[in-house]
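Chemist: sequence-free structure coming up:
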């Protein structure tokens with residue numbers, strides 16, 4: 001658990017590379033996504049999540065991320081309340097890049 005009271009992981013908790021069965025959900029805005037994101041991540045901005053939740057498999061192991069972890073914590077809490085298997089990535093894309101993990105750009 002983190003300060004937001006949701007299940008969380010750090011970048012160092014995650015294997016490198018991520019297993020194929022792990023879904024990464026990026027809830028940042030389109031301009032943030034275009035600047036750099038994880039290859040293969042699902043992009044659903046936080047403001048669209050309630051309308052697009054049907055695009056996600058509730059049984060999939062899902063890591064939710066944003067820029068620093070605040071928006072993804074809100075998304076994680078909401079998705080968990082809907083029965084999804086989710087964890088929040090503490091530090092978001094900033095922590096991911098600081099750890100030297102790869103990102104791709106549009």
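Modeler: Yep, it's here. The model shown is predicted, which means the values in this text are computed figures rather than measured ones. Numbers count the residues shown, from 1 in each chain.
Chemist: do you have the helices of this protein handy? List them.
Modeler: Here the chain has its helices, by DSSP state H, at 30-35, 49-52, 70-81, 92-98.
Chemist: the third one packs against which elements?
Modeler: Translated: helix 70-81. Judged by 3 or more C-beta pairs under 8 Å, 6 or more residues apart in numbering; DSSP states H and E, helix 70-81 is in contact with helix 49-52, strand 61-65, strand 86-89. To be clear about C-beta, it is placed using only N, CA and C from the backbone, and glycine gets the same treatment.
Chemist: of all those, which lies closest to residue 8?
Modeler: Closest approach to residue 8 among the helices and strands packed on helix 70-81 (C-beta to C-beta): strand 86-89, 4.4 Å.
Chemist: ok, now which ones touch residue 96?
Modeler: Applying C-beta atoms under 8 Å, 6 or more residues apart in numbering, we find residue 96 in contact with 11, 38, 65, 89, 103.
Chemist: show me the residue sitting in the middle of the protein in space.
Modeler: Against the mean C-alpha coordinate of the chain, by C-alpha atoms, centre = their mean, the closest residue is residue 64 at 2.0 Å.
Chemist: can you verify my assumption that that one contacts residue 70?
Modeler: No - checked against C-beta atoms under 8 Å, the pair residue 64 and residue 70 is beyond contact range at 11.3 Å.
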